[in-house]
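> how would this look folded up:
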Amino acid sequence: MGISWHQRALDILVRRGWSRAELARRTGLPKDRIYKYLSGAIEQPRGNAMKAIATALGVSEVWLAFGEIVGEGGESPPLPIDPILLTVDEMYQADALAVKAGISGLDLMEAAGAGIMQAIIARWPSSPVLVLCGPGNNGGDGFVVARLLREAGWDIRLALLGNVEKLTGDAAVNAARWEGPVLEFKPGLVGKGENACGLVVDAVFGAGLSRPITGMVKTVLEEVAASGLPVIAVDVPSGIDGDTGACLGFALGAELTVTFFRRKPGHLLLPGRQHCGQVVVVDIGTPEAVLDQIRPQAHQNCPSLWGGLFPRRSVMDHKYVRGHVVVLGGDEMTGAARLAARGALRAGAGLVTIVCPESAVPIYALGEPGVLNARLGEGEGQGEGQREGLTRLLADERKNLYVLGPGNGVTAVTKARVMEVLETGRPCVLDADALTVFADDVDGLAEAISGPCVITPHEGEFARLFGPIGEGPKGERAGKLGRVRAAAARLGCVVLLKGADTVIADADGRGVINTNAPPILATAGAGDVLAGFIGGLMAQSMSPFAAACAGVWLHGECANEFGPGLIAEDLPEQLPAVLRRLFSSTSDQRLAVSVAP
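I've put the predicted structure just below:
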């Protein structure tokens with residue numbers, strides 16, 4: 001969301017390996033006008049110019065202009081970015097397998113440098129470029145970029161951290177191919193006045209950096225940041241951990257990051273995502289077959305992961321086929337359960353019942369006419385009448401999904417009710433108070449979970465439940481993806497850790513990072529609606545992992561659909577439009593499933 005038309009055009013341009021001059025040739029439009037269009041100097045082409053550009057790029061004019069997928073049958077964004085993510089170690093493995101398949105490391109480095117060079121000339125007019133090279137293969141990529149840009153007529157100055165004589169392998173070979181001067185890595189490199197650079201290529205440290213950036217290196221990078229110059233990062237901005245997205249001491253903010261073969265988790269996880277700017281993936285010749293050996297477990301969340309498992313309607317359906325969701329309601333914060341119930345209904349559940357203490361029945365009865373109400377029984381606390389009411393509900397197997405926690409209260413009664421549901425093995429979604437009541441008893445929760453289950457904590461609830469889970473042997477944090485995977489393995493269920501970079505993981509180690517959540521989702525009750533979305537999908541026999549991934553993606557899309565001014569009540573009402581667009585734009589054949597049931 002929020003990507004302009006010219007950014008979409010530039011992304012296609014880079015992936016096709018075209019320069020802006022090539023696009024001008026193919027469209028018949030003046031080169032200077034193409035440069036202005038693609039730099040954003042002109043907001044949007046007028047007349048037939050947009051059509052000419054779209055035709056040359058091989059995409060829909062509507063998609064190029066608005067980014068929307070519309071029309072009968074729909075069109076997908078061209079050349080979509082693969083959702084597969086590779087860790088730093090998996091990328092090393094991919095490189096090694098490519099070399100084993102007969103592709104030399106030098107060829108991989110040359111292709112990487114060429115891809116970066118093409119990305120630069122597609123976006124910026126010729127100007128003095130400062131290339132900052134580190135002592136490893138990232139620096140080797142920088143030497144290739146410098147050489148190719150100079151061959152294209154650009155003014156290049158290159159600085160190396162360390163000595164050329166100490167470089168090894170492919171980096172040393174490409175340093176020898178560089179015929180220009182190698183400057184000392186020190187402050188003052190960006191220059192001033194007529195000697196100032198126009199762009200900076202950050203090829204200092206790659207995704208595998210494991211120590212904080214300090215000292216003179218930090219000073220130089222801080223100077224680059226203070227200059228305000230556009231930064232093009234090689235693989236990841238220096239200082240960003242490629243696996244966790246963590247900032248190690250200091251990290252440049254790049255306008256463009258060029259990575260290779262596949263993206264890494266650190267490109268999507270915060271704060272790394274904020275430092276990367278636009279991320280372009282360059283094909284450097286690594287065979288796709290290496291993925292069969294690596295078997296990656298991390299993905300970016302998108303419909304291609306779970307679309308094939310999404311509930312499909314049949315003319316033979318009736319309401320019980322679509323599932324019956326039971327939402328446990330409290331007697332004080334009644335809005336939370338009502339939001340979850342509305343979310344479950346909109347997600348497609350055939351029936352939704354809010355079960356609550358008798359004292360709260362009149363409040364819930366005044367709510368949604370399509371939501372049923374059931375009373376737990378007479379009396380306060382954990383009275384026998386209340387237990388009998390919940391037991392009676394659990395005896396009805398048509399009530400096949402329970403949402404527990406929203407507005408229930410952090411009490412012994414809530415914990416007892418959660419335990420009673422979990423003991424039956426009935427599928428459930430645990431949120432909010434249903435998690436906090438286990439803050440000192442995570443072992444008890446793990447032992448009680450015996451059926452399909454999704455838990456949806458925010459960071460505070462996660463910390464209270466799991467503590468410093470996922471830490472390494474020296475106390476280092478495993479990052480959000482590692483923490484959630486460890487939590488899922490600990491409980492034996494699906495864990496969804498909410499946030500701007502929500503992560504979903506299951507006990508088998510699969511992990512998905514969600515990226516479409518806008519800041520306006522930070523509003524009371526939004527999490528209750530999410531629990532309802534997931535519960536509604538699970539009630540329709542969607543697997544817990546797929547339902548969690550689909551629910552959180554739809555949740556983000558609903559927020560984007562509404563826009564500024566969003567409150568939680570608005571989210572379920574946007575879901576029909578989001579689903580219409582999703583299913584009008586994607587056929588069953590195009591929803592290739594990567595998430596198993």
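> quick check, pLDDT for L38.
Predicted confidence (pLDDT) for L38: 84.
> flag every buried residue along stretch 147-166.
Neighbour-count burial for stretch 147-166 flags 147-150, 154, 156-161 (criterion: 16 or more other CB atoms under 10 Å). The way it works is simple: take the backbone N, C-alpha and C, and place the C-beta from them, glycine included.
> let me redo that: stretch 119-138
For stretch 119-138, the neighbour count (16+ other CB under 10 Å) marks 119-124, 128-138 as buried.
> repeat that for stretch 264-283.
264-273, 275-282.
> ok, now stretch 566-584?
The neighbour-count check on stretch 566-584 (16+ other CB under 10 Å) flags 566, 568, 570-572, 574-575, 578-579, 581-583 as buried.
> could you give the mean pLDDT of that stretch?
93.
> put the alpha carbons of it into PDB.
Below are the C-alpha coordinates for stretch 566-584, written out as PDB (Å, rounded to 0.1, in the frame of the first residue of the first chain):
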ATOM      1  CA  LEU A 566     -10.800   3.700  11.400                       C
ATOM      2  CA  ILE A 567     -12.300   2.200  14.600                       C
ATOM      3  CA  ALA A 568     -12.600  -1.500  15.300                       C
ATOM      4  CA  GLU A 569     -16.300  -1.500  14.400                       C
ATOM      5  CA  ASP A 570     -15.400  -0.600  10.900                       C
ATOM      6  CA  LEU A 571     -13.200  -3.600  10.200                       C
ATOM      7  CA  PRO A 572     -15.800  -6.300   9.700                       C
ATOM      8  CA  GLU A 573     -17.800  -4.100   7.400                       C
ATOM      9  CA  GLN A 574     -14.900  -3.800   5.000                       C
ATOM     10  CA  LEU A 575     -14.500  -7.600   4.700                       C
ATOM     11  CA  PRO A 576     -17.100  -8.200   1.900                       C
ATOM     12  CA  ALA A 577     -15.400  -5.700  -0.400                       C
ATOM     13  CA  VAL A 578     -11.900  -7.100   0.300                       C
ATOM     14  CA  LEU A 579     -13.200 -10.700  -0.300                       C
ATOM     15  CA  ARG A 580     -14.900  -9.700  -3.500                       C
ATOM     16  CA  ARG A 581     -11.700  -8.200  -4.800                       C
ATOM     17  CA  LEU A 582      -9.700 -11.100  -3.700                       C
ATOM     18  CA  PHE A 583     -11.900 -13.700  -5.400                       C
ATOM     19  CA  SER A 584     -12.600 -11.700  -8.500                       C
END
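> what's it in contact with?
Here stretch 566-584 makes contact (CB atoms under 8 Å, 6 or more residues apart in numbering) with 68-70, 72-74, 303, 307, 339, 342-343, 345-347, 520-521, 523-526, 528-529, 532-533, 554-555, 557-559, 561-562.
> residue boundaries of the helices in the stretch 51-200 of the chain?
61-66, 88-100, 105-123, 137-151, 169-177 (DSSP state H, counting those that start in this stretch).
> which one of those helices lies nearest to G425?
G425 lies closest, by CB to CB, to one member of the helices of the stretch 51-200 of the chain: helix 88-100, at 35.5 Å.
> and the closest one, what's buried?
88, 90-91, 93-95, 97-98.
> quick revisit: and the buried residues of stretch 566-584 as TSV, adding distance to T257 and secondary structure?
What follows is the buried residues of stretch 566-584, written out as TSV (distance: CB to CB, whole Å; DSSP: H, G, I helix; E, B strand; the rest coil):
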residue	distance to T257	secondary structure
L566	30	coil
A568	34	helix
D570	34	helix
L571	32	helix
P572	36	helix
Q574	31	helix
L575	33	helix
V578	29	helix
L579	33	helix
R581	29	helix
L582	29	helix
F583	33	helix
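> of those residues, closest to T353?
P572 (16.8 Å).
> follow-up on the earlier one: find the pair from the buried residues of stretch 566-584 with maximum spatial separation.
Spatial extent of these (CB to CB) is set by the pair A568 and F583 at 24.7 Å.
> one step back: mind putting the helices of the stretch 51-200 of the chain in a markdown table, distance to P362 and mean pLDDT included?
Formatted as a markdown table, those follow (distance: least, CB to CB, whole Å; pLDDT from 0 to 100):
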| stretch | distance to P362 | mean pLDDT |
| --- | --- | --- |
| helix 61-66 | 47 | 70 |
| helix 88-100 | 57 | 97 |
| helix 105-123 | 62 | 95 |
| helix 137-151 | 65 | 98 |
| helix 169-177 | 73 | 98 |
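> and the ones you listed as JSON lines, adding distance to Q540?
Below are those laid out as JSON lines (distance: least, CB to CB, whole Å):
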{"stretch": "helix 61-66", "distance to Q540": "31"}
{"stretch": "helix 88-100", "distance to Q540": "34"}
{"stretch": "helix 105-123", "distance to Q540": "43"}
{"stretch": "helix 137-151", "distance to Q540": "47"}
{"stretch": "helix 169-177", "distance to Q540": "52"}
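> list just the one of those that sits closest to G191.
Nearest of the helices of the stretch 51-200 of the chain (CB to CB): helix 137-151, 16.0 Å.
> now the angle between helix 105-123 and that closest one, please.
50 degrees (axes from the mean of the first three to the mean of the last three CA atoms, to 10 degrees).
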